[in-house]
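Asks: coords below, sequence missing:
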């Protein structure tokens, strides 16, 4: 059995401040950079090869980012939470955009945590941060849907014309509620919070596109009173959010039956043939790690505009809390290593100070070199 002195000597030789510094660099590099590339490595490629007569459309869905407000939490630590959450959203979003190369990016509401309760001055600051996180300089179609955190509507937070105005005019730039993307595809923005289902010109002969997509913050096909809107627009597919966890609903327009299906944490492609009597709804998960759910991600879809085939998947992203726990464990380990190095240094100093024998010789002369901690 090795003696304690030998163990201390072995630790002193193997653990140095340079190696501790290198350990810190590796952990930070993994937590702040490498893990995003690992996420992306497992994302499925959705084939989309546009041809002159058969274009396809790539769509990225961003749900419930809820960027942190200045009034949320302890003012002394809130800036750290804001910085960390914003970076997480920024890098995951950049990787999702780079991987899918979307033609359309849809923000499905709850964009700001305090969007509904903030002053106009705070709102403009949040809007600036939002555009810094979610870069809107790409040459794509952007679509913005309001959520309850953006305009109110839940828990006594009343919806007002002022809140609706600043979202529709300041954030989304007075965007139309009906967006004809091309000759094959039209998007319809539904606001269930204010029961706004009036888009005008919904008769079949007046709808120029073959595929109709409804975008809503709150799910629609599991709520009975909105069925009149669904029957009026006759959508092929619906994308919604709000619940933070992903699932799908298939609504049969003939039997009026609904089939719920949970979407598990897996890299699966969900295929929907849209030119059928069924309506497909996909609830997109949150992309923020602050929503109290274990799995976060971005929705990604590729639509064959001519044939009406939709391929949908989720770009899952890692849990930030696991990385933060890794940092805590690493910090504790570094503390222990530095503490042991300090103890060894102290013992060496004690040996030099009090290690003289009666004959004037150093006590370390009687200790084998392999066991000498001095």
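Replies: It's in. Computed from a predicted structure; not experimentally measured. Residues are numbered from 1 along each chain as shown.
Asks: What strand or helix carries residue 79?
Replies: helix 78-100 (DSSP states H and E).
Asks: can you pull the buried residues of that helix?
Replies: 82, 84-86, 88-89, 91-93, 95-97, 99-100 (16 or more other Cβ atoms under 10 Å). Every residue, glycine included, has its C-beta placed from N, CA and C.
Asks: Which of those sits closest to residue 38?
Replies: residue 95 (10.5 Å; Cβ to Cβ).
Asks: who's in contact with that closest one?
Replies: Counting by Cβ atoms under 8 Å, 6 or more residues apart in numbering, residue 95 touches 36, 37, 39, 40, 315.
Asks: Sitting in helices, which of those residues do you find?
Replies: Residues of the contacts of residue 95 located in helices (DSSP state H): 36, 37, 39, 40.
Asks: Surely residue 127 is in a helix?
Replies: Yes. Assessed by DSSP: H, G, I helix; E, B strand; the rest coil, residue 127 belongs to a helix.
Asks: Which stretches in the protein count as strands?
Replies: For the chain, the strands defined by DSSP state E cover 56-62, 104-107, 141-144, 178-180, 185-190, 211-216, 237-240, 247-252, 258-262, 270-273, 278-283, 296-304, 309-317.
Asks: In CSV, list those along with mean pLDDT and distance to residue 290.
Replies: Output for the strands of the chain, formatted as CSV (pLDDT from 0 to 100; distance: least, Cβ to Cβ, whole Å):
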stretch, mean pLDDT, distance to residue 290
strand 56-62, 95, 15
strand 104-107, 96, 17
strand 141-144, 94, 21
strand 178-180, 89, 30
strand 185-190, 91, 26
strand 211-216, 92, 23
strand 237-240, 94, 20
strand 247-252, 90, 21
strand 258-262, 88, 22
strand 270-273, 91, 26
strand 278-283, 93, 19
strand 296-304, 95, 9
strand 309-317, 95, 13
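Asks: Out of those, which is closest to residue 16?
Replies: strand 309-317 (35.7 Å).
Asks: quick check: angle from that closest one to strand 278-283?
Replies: Per axes from the mean of the first three to the mean of the last three Cα atoms, to 10 degrees, the angle that strand 309-317 makes with strand 278-283 is 10 degrees.
Asks: Quick check: the most centrally placed residue in the chain vs residue 261, distance?
Replies: Centroid check for the chain by Cα atoms, centre = their mean gives residue 287 as the closest residue, at 2.4 Å. According to Cβ to Cβ, to the nearest Å, residue 287 stands 21 Å off from residue 261.
Asks: Now do residue 122: how many residues are near it, please.
Replies: Counted by other Cβ atoms under 10 Å, the residues lying close to residue 122 total 16.
Asks: can you pull the contacts of it?
Replies: 69, 70, 71, 114.
Asks: Filter the residues you listed down to the buried ones and express that as a PyMOL selection.
Replies: Buried residues within those, by 16+ other Cβ under 10 Å, are selected in PyMOL with:
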select buried, resi 69+114
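Asks: quick one: which of the contacts of residue 122 is nearest to residue 188?
Replies: residue 114 (28.2 Å).
Asks: And the closest one, how far from residue 278?
Replies: Residue 114 is 39 Å from residue 278, by Cβ to Cβ.
Asks: What of residue 217?
Replies: 23 Å.
Asks: With residue 133 instead?
Replies: When residue 133 is compared with residue 278 (using Cβ to Cβ), they lie 36 Å apart.
Asks: neighbours around the nearest residue to residue 210 once chain neighbours are set aside, how many?
Replies: The shortest distance from residue 210 to any non-neighbouring residue, by Cβ to Cβ, 6 or more residues apart in numbering, is to residue 184 (5.5 Å). Counted with other Cβ under 10 Å, residues neighbouring residue 184 total 19.
Asks: follow-up on the earlier one: tell me the one of the ones in helices among the contacts of residue 95 nearest residue 335?
Replies: residue 36 (27.8 Å).
Asks: contacting residues around that closest one?
Replies: So residue 36 contacts 91, 92, 95, 317, 318 (Cβ under 8 Å, 6+ apart).
Asks: Next one: it from residue 324, what distance?
Replies: Taken as Cβ to Cβ, the span from residue 36 to residue 324 is 15 Å.
Asks: got it, and residue 126?
Replies: 24 Å.
Asks: Kindly calculate the angle that the lengthiest helix in the chain makes with strand 296-304.
Replies: Counting residues, the longest helix found in the chain (DSSP H) is helix 320-354. Helix 320-354 and strand 296-304 are oriented at 140 degrees to each other (the same axes, to 10 degrees).
Asks: Quick check: which helices or strands does helix 320-354 pack against?
Replies: Using 3 or more Cβ pairs under 8 Å, 6 or more residues apart in numbering; DSSP states H and E, the elements in contact with helix 320-354 are helix 4-14, helix 17-29.
Asks: can you tell me which of these the model trusts least?
Replies: Lowest mean pLDDT of these: helix 4-14, a mean of 54.
Asks: if we can go back for a sec, now the longest helix of the chain: average pLDDT?
Replies: 81.
Asks: mind listing what's buried in it?
Replies: Result for helix 320-354 [16+ other Cβ under 10 Å]: buried residues 320, 323, 330, 337, 341, 344, 348, 351.
Asks: Stretch 114-125 now?
Replies: 114, 115, 116, 118, 122, 123.
Asks: ok, so what distance separates the nearest residue to the first one once chain neighbours are set aside from residue 83?
Replies: Right, residue 114. Take residue 114 and drop its neighbours on the chain: the residue closest to it by Cβ to Cβ, 6+ apart is residue 69, 3.1 Å away. As defined by Cβ to Cβ, residue 69 lies at a distance of 14 Å from residue 83.
Asks: swap in residue 234?
Replies: The value you get for residue 234 to residue 83, if Cβ to Cβ is used, is 46 Å.
Asks: got it, and residue 151?
Replies: Taking Cβ to Cβ, one finds residue 151 at 27 Å from residue 83.
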